[in-house]
Structure formats: C-alpha cells, structure tokens
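1. turn this into a model:
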Amino acid sequence: MTPQSLFFQAKAHRVGEVLEFHPLLGHCADVAACLEALLERPVIRDRLEHAAGGVRLTEVHRHRLCVLAALHDAGKVNHGFQRRIRGEGRGAGHVGPLLALLDDTVPRNRPLRRAVIAALGLPAMADWCDPPEGVDAYLRAILAHHGAPAQGESADAALWSAAGGRDPVQGIAGLAAAARAWFPQAFELGEPLPAAEPFVHAFCGLLMLADWLGSDAAFFPYAAPGDGDRIAFARERARHALAAIGLDTDAARRRLGDRLPSFQALFGVEPRPAQRAVEALDGADDGGLAILEAETGSGKTEAALRRFLELFRQGAVDGLYFALPTRTAAVQIHARVHDAVARILGADAPPVVLAVPGYMRVDDGTAEGRLPGFGVLWPDGGPGADGRGWAAEHPKRYCAAPIAVGTIDQVLLAALQVKHAHLRGAAVLRQFVVVDEVHASDPYMATLLGVLLDLLRAAGGHALLLSATLGAAARTRLLGRPASATPPLAEAVAVPYPLLATRAGDGPPIAAGGTAKRITIRLADAAAEADSIAAEALAAARRGARVLVIRNTVRGALAVQLALEGCGGGRCRPASRLRGRAGGPPFPLRPRGSAAARRRAGGALRQGGKTRRRRGGDDADG
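-> Below is the predicted model of the structure:
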C-alpha cells in the first residue's frame, strides 16, 4: 500500500455541515470481503462449480475472484470523479473513463494505458486465464457492477495524469498492492479461472450483490482517519451482514435436524395424493426440475413448501422464491408461507420477504416509509429492523432474500437483458424456485420461464412448476426435452392427471384428490357492453354468488365500474358497498393505480375468499 492510495475517496455523505468520506481502500475491502463471504456459502460454491462445467473452485480461485472484486472501483482514482465526490462540479464517472482508457484502439492513450495496466497488475492476472485474453471477460464483469455492461465515456488523459499532489496511476497501484496483501493465494500457482460464460455471468451478479452489501453504511460504517488496514474489520462485518439479512441459513438448517418431520407434523393434515407424490421426491438427486399438475385445492402450495424444506435440510438450496401471477395472490401466499416457516423453524426462521414493489413487507411487518438516499424506516423492534428487511427494501434485491414470495415478473427479469439481471440471476441460483399457475396459453411468459430454467439447469439449481392446466407441448419444452419428444395428440390426451413429471420421466399415476366440482361455461357476445356486464354481475351477486369481473384493458374495467355505480335504478347500495368494506369510494384493481390504491383494492378483493359469509339479495356487497 502506497501513501498515494490514501488520498482517494470512494463515497461521501453529508452530516449537517460536514461532508464525511469513506476511503477507496476501505470500500474496496468491504466489497471484496462480502464476495469472499458469499463464496464461502456451500450452495453458492456448488452453483458456481456447475456453471463452470464441473470445475472445482479452489482457494486460489476464490482469492483471485476477490482480488478482482477489490479492483471493481479502481476507476474512482481519476481526477474527475474525485472532484465530483468533493462537490466541486459534475466531474466524471469512474467506470466509463477507465474502460475508455483500457481501449487499445485509441493510439494516444497507449502510454498511459500501459502504465494503468501495470498498476492494476493485469500482466500477472493474464496468467490466471487460459487463454490469457480471458481476463478481459472478467474485467468487463467487474466494470459492470452498477448493473449493466459498461460504456466508455472519456479518454481524456488529464483525468489520469499526476496533478495537485495526487497521482491516479499510483492510487491504482496502491489499491492493487492492498488486494494482493488481502488475498495472497491469488498469485500462487493454480488452475486457471473458468472460462465458461455462465460462470463469468454468475460471478458478475455476485459482485453486484457484494457491492450492494458493501455499500450499506448500516453494515459498513465509514472508516475514520487512522483506522489502519480495513480487511479484518470488513471480514467480520461481511459475516455479520450475511447473517443479518438471512443469507447465512445454517442455524435454520440445523433446526430441521437429520430428518424432516412427517407431512402431518409439518402442516397438521394428512397428505393428499398429489402431496404424497412430491413428498416421494425426497432426494435432491431426483432431478432439479419437477412439474406438478393437479386440480385447484389439491394442496400444491403445501407440497411445494414440503419439497423446499427437504432440499433446504439437505443443503441443496439456501432459499425459496415462490412466484405467482398476481400481486393479490402473492400477498395471500406470503402470509401462508410466513406462518408455516415461523411455525416450523421458530426463532431460527429466516426473513420471509413479500417481493411485490410498493409493499416493503418482511414477515408480518411493513416499513413506515423511505428515507433520503437508499434508506428505509422500519418500526422500532419490528421484523424489518436489524437487517431482516434488507432484501424487501428494493425490488432489485428481492431474489437475494432467503425466502421471497412475489410476482413472477420479478424473477423473470433475470432472463431479460435489463439492468441488474445478473444480480437477480446469480442470487436466484441458490434458491428453490416455485412457479405457481404455469399455463401454456402465454408464449411470451413461457419463453422467459424457459430461459430462467435454463439458467438454473446450467448451475444445477432446483425448481418446481405448479399448474392445473398444462399442455403436453408446454410440459415437454419446460422440462428441457427436445421438441421431438412431444407426444402426438392421442398420447397426450391419455397422459394421467394429476401428474408429477421430472426430466427423468413422468411419475406413476396420482389418485385424484379433493371434492368434485361442477363448472359451467356460457359464451356471451357482450365484451363491449359495460351496462350488460354490470347488470349480470350484480344480479348474480344478489343471488349469493361471488363475482369477479375481469377486463383486459383499463378503459374496459373503468366502464364496468361506472356502470355498476349507476345501475339498478337507484336500488343499489351506496357505491362504497360495491367493493366490500375496504373503505372509500369503489375502484377496480388495476396496475396503473398507486401502490397504496393497489394494496387497498387487494385487501377488498381478499374479503371475497372462501371463508366470507355469503349474503344475497339487495344487501349484497357485489
């Protein structure tokens, strides 16, 4: 570590009239220590080794990845960024300028480029890869730590030349020297870093997660002058941070013991046939992906929870993401999952996050609001305090929750080329992914789900898909079987139902469970007739039915709403009664409303559940 490296700051925040700084060396130690702690998690290490094509990650590999993590913010030494952080103008960024400087297609940068390459230690790092050019993929991975591939901004040599008592090149050299001291095994002889793209992408996502954690001042307070080398403190705080947010699940796993209790002991009821079929998948080696097709009410949710607990007990997964198609369904299932996890795991239960934007809910507590910057105010002593609500505070973090129940879109963002897709993708690899209500009728969602399952498959992950109505072609595609394996129509019709299918093949027939239901479908050419729809809906409600009107446009939903408010020739109850007892004027449940409005509408909708007392006649709430 050179004295020059002490002159550069990474972060700043204002306390009253005082601008406090966090040194670059301190922040880079924090992030590298977080990555080191993540790499120590057995499930994460297993997923990385699968993504690497079976390469076993050694201590040398892990130290090399941590050195790369320590260098992720090396570009902050440029004069433009230092002016910006001191509040002396707009200055410059720290990712784009470094990328532009390393671009060997700009001749006038070549002397300075060579100096920066030497300061970073890239010649030695080239020996870490086979071929040596492979180090470029890792450099681009660490420069993408803000959530997206970096773009060059400026090749201005003045940003990097010594001036004003600061030498950026020497600052980089000091940071690289510190990283070498923190992780000395990185420079020992060893097998090259994996070149497989899934591995590099997963490393990129883990670095983003480490940067989010290492940047949280609640876990990593700013260094004070004279603190000395930060790494020992950073390592202790990184372990604390993983435990606080629930990524360290060892205590919960020990609570389950050597054998999972029976289904009846876990849920208080004897398992139904479909649940018994999933229970028979006790071994993690039975396949990373299964599809359960069974009728509504057959207990698929409890079957999925039982499967998660068994995989969790075995150490095959470190968490759960339960994906549902709607916000209302996610809110309901979140409460059920939290109750089950709290009952089974007791005081060692990890946080259960509601992964729905606008809610900020963990366990049975909700945040009181946002604070300036990235802060969130949790009730004193509530379940979100002391780090348990960390993953609930921002949608980008949802997949990093130990247990998350949310909408399907949040996990499918890992399958799209969008910002922070790597973070979501790497974090979800360690989880048991359950997708409820998988249907063959939506090719777009099915394609994205297929991409997500491919990511899990490449990393040896685990998933369970639940559906009441899945066709043979969709089942074949989602299981990763070739299209030629799709059975002809006659064979598809003859497939037993209910069904539990894995990549290895379809399971034995499952006895039908539950009570018989009679369903009547009547087609009516009335989609454009809001008055007719409203009149029929209200008539059915007055007969004691529970009525749900679904429109595929906001304009159509509003038209029916207005028709309901004005129908009945004055015989309707006041408008506030049409939506149950949520309070306030009625409104449809629609995605364009505010978060508060969606929560209020969802609460009213849940009042129409199966436990609601029926009431017909003119007094019906509708």
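
2. C-alpha from now on. contacts and neighbour counts both.
-> OK.

3. hang on, L456 packs against H462?
-> Yes: counting by C-alpha atoms under 8 Å, L456 touches H462, with 6.7 Å between them.

4. contact partners of the helix or strand encompassing H63?
-> Assigned by DSSP states H and E, H63 belongs to helix 59-70. Outside of helix 59-70, the residues within contact range by C-alpha atoms under 8 Å, 6 or more residues apart in numbering are 28-29, 31-33, 35-36, 39, 128, 138-139, 142, 175-176, 179-180, 183-193, 207.

5. quick one: the strands in this protein?
-> Remark: strands assigned in the chain by DSSP state E are 9-15, 18-23, 289-293, 319-324, 352-355, 361-362, 365-366, 369-370, 376-377, 403-407, 431-435, 462-467, 499-502, 505-506.

6. can you flag the buried ones in the contacts of helix 59-70?
-> Among the contacts of helix 59-70, those classed as buried by 16 or more other C-alpha atoms under 10 Å are 28-29, 31-33, 35-36, 39, 128, 138-139, 142, 175-176, 179-180, 183, 185-187, 191-193, 207.

7. measure the residue most central in space within the chain to P111 for me?
-> Centroid check for the chain by C-alpha atoms, centre = their mean gives C399 as the closest residue, at 1.6 Å. According to C-alpha to C-alpha, to the nearest Å, C399 stands 43 Å off from P111.

8. what about the stretch 251-400 of the chain, any weak spots by pLDDT?
-> Low-confidence segments of the stretch 251-400 of the chain (pLDDT under 70): 282-287.

9. do that again at 80, thanks
-> Low-confidence segments of the stretch 251-400 of the chain (pLDDT under 80): 282-287, 372-374, 381-382.

10. on the pLDDT front, check G583 for me.
-> pLDDT, G583: 45.

11. what's the answer for R542, then?
-> R542 carries a pLDDT score of 88 in this model.

12. okay, now it: neighbour count?
-> Residues near R542, counting by other C-alpha atoms under 10 Å, number 19.

13. ok, A530 next?
-> 18.

14. quick check: closest non-adjacent residue to it.
-> With sequence-adjacent residues excluded and distances taken as C-alpha to C-alpha, 6 or more residues apart in numbering, A530 is closest to V560, at 4.8 Å.

15. tell me, how many residues neighbour Y321?
-> When neighbours are counted by other C-alpha under 10 Å, Y321 registers 30.

16. quick one: closest of the strands of the chain to G152.
-> strand 9-15 (19.9 Å; C-alpha to C-alpha).

17. paired strands for that closest one, with orientation please.
-> strand 18-23 (antiparallel) (DSSP bridges).

18. in the strand it pairs with, what's buried?
-> By neighbour count with 16+ other C-alpha under 10 Å, strand 18-23 contains the buried residues 20-23.

19. what is the mean pLDDT for it?
-> Mean predicted lDDT for strand 18-23 stands at 88.

20. quick check: I85 touching K11?
-> Yes: when contacts are counted by C-alpha under 8 Å, I85 is listed as touching K11 (7.0 Å).

21. one step back: what's the spacing between the residue nearest to A530 and A535?
-> Here V560 is placed at a distance of 9 Å from A535 (C-alpha to C-alpha).

22. which one's more surrounded, those two?
-> Per other C-alpha under 10 Å, whichever of V560 and A535 has more neighbours is V560, with 24 against 16.

23. still on that earlier bit, mind putting the strands of the chain in a markdown table, distance to A340 included?
-> Listed next are those as a markdown table, based on distance: least, C-alpha to C-alpha, whole Å:
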| stretch | distance to A340 |
| --- | --- |
| strand 9-15 | 41 |
| strand 18-23 | 42 |
| strand 289-293 | 21 |
| strand 319-324 | 13 |
| strand 352-355 | 10 |
| strand 361-362 | 14 |
| strand 365-366 | 16 |
| strand 369-370 | 27 |
| strand 376-377 | 27 |
| strand 403-407 | 12 |
| strand 431-435 | 16 |
| strand 462-467 | 18 |
| strand 499-502 | 24 |
| strand 505-506 | 29 |
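
24. which of the ones you listed sits most buried?
-> When these are scored by mean count of other C-alpha atoms under 10 Å, the highest mean neighbour count falls to strand 352-355 (a mean of 34).

25. can I get the CA coordinates of that strand in CSV?
-> What follows is strand 352-355, C-alpha atoms only, in CSV (Å, rounded to 0.1, in the frame of the first residue of the first chain):
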residue,chain,number,x,y,z
VAL,A,352,-39.8,-14.1,4.5
VAL,A,353,-40.0,-11.1,2.1
LEU,A,354,-43.0,-10.0,0.1
ALA,A,355,-41.5,-9.5,-3.3
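
26. give me the number of residues near G53?
-> G53: 16 surrounding residues under other C-alpha under 10 Å.

27. re earlier: pull out the buried positions in the helix holding H63.
-> 60-70.
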